[in-house]
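# I'd like to go over a predicted model; first the sequence, then the structure.
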Amino acid sequence: MKENYMVCNCKQVSYANIADAVQNNTKFDDVLKTFESVQKITNCSTGCGGCHQKVLDIISDIMNGTAI
Ligand code: FES
């Protein structure tokens, strides 16, 4: 099931935006590197930074195959 909800309110980035960005990522084995490119693609976590941990958790769930 593909969930969708707003993860980063500052930049209006949703779960689906992050999931798509992760799936377009070639460095699929490193959470922090993936985070950096997801951040470049979506601009998530470039405002208040309050969503940083949420974004990291989502990326690791997707990479571990426990999401989507
Ligand atoms: S909620 Fe993502 S940067 Fe503020």
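Structure received.
# center of this protein, which residue is that?
Ile18 (3.7 Å; C-alpha atoms, centre = their mean).
# Check which helix or strand that one maps to.
Under the criterion of DSSP states H and E, Ile18 resides in helix 15-23.
# Check Val7 too.
Val7 belongs to strand 6-8, assigned by DSSP H and E.
# Tell me how many other residues surround Asp61.
Asp61 has 14 neighbouring residues, counting by other C-beta atoms under 10 Å. C-beta coordinates here come from the backbone N, C-alpha and C atoms, glycine included.
# Kindly report the same for the one 4 residues further on.
Applying other C-beta under 10 Å, we find 7 other residues in the vicinity of Gly65.
# Show me what from the protein comes close to the ligand.
Counting by C-beta under 6 Å from any ligand atom, the chain comes close to the ligand at Cys8, Asn9, Cys10, Lys11, Cys44, Ser45, Thr46, Gly47, Cys48, Gly49, Gly50, Cys51.
# For the third one, report the pLDDT, please.
We note a pLDDT of 98 for Cys10 in this prediction.
# Can you select the buried ones from the residues of the chain next to the ligand in ChimeraX?
Those of those that count as buried under 16 or more other C-beta atoms under 10 Å are selected in ChimeraX with:
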select :8,11,44,45,51
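# As TSV, the residues of the chain next to the ligand with secondary structure would be great.
Converted to TSV, the residues of the chain next to the ligand look like this (DSSP: H, G, I helix; E, B strand; the rest coil):
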residue	secondary structure
Cys8	strand
Asn9	coil
Cys10	coil
Lys11	coil
Cys44	coil
Ser45	coil
Thr46	coil
Gly47	coil
Cys48	coil
Gly49	coil
Gly50	coil
Cys51	coil
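# which stretches of the chain have low pLDDT?
Low-confidence regions of the chain, defined here as pLDDT under 70, cover residues 1-2, 27-28, 66-68.
# circling back: pretty sure the residue nearest to the centre of the chain contacts Val7?
Yes. Counting by C-beta atoms under 8 Å, Val7 is a contact partner of Ile18 at 6.0 Å.
# Name the residues contacting each of those two.
Taking C-beta atoms under 8 Å, 6 or more residues apart in numbering as the criterion, Ile18 and Val7 both touch Cys44, Val55, Ile58.
# ok, the second one touching Phe35?
Yes. Val55 sits in contact with Phe35 when judged by C-beta under 8 Å, with a separation of 6.5 Å.
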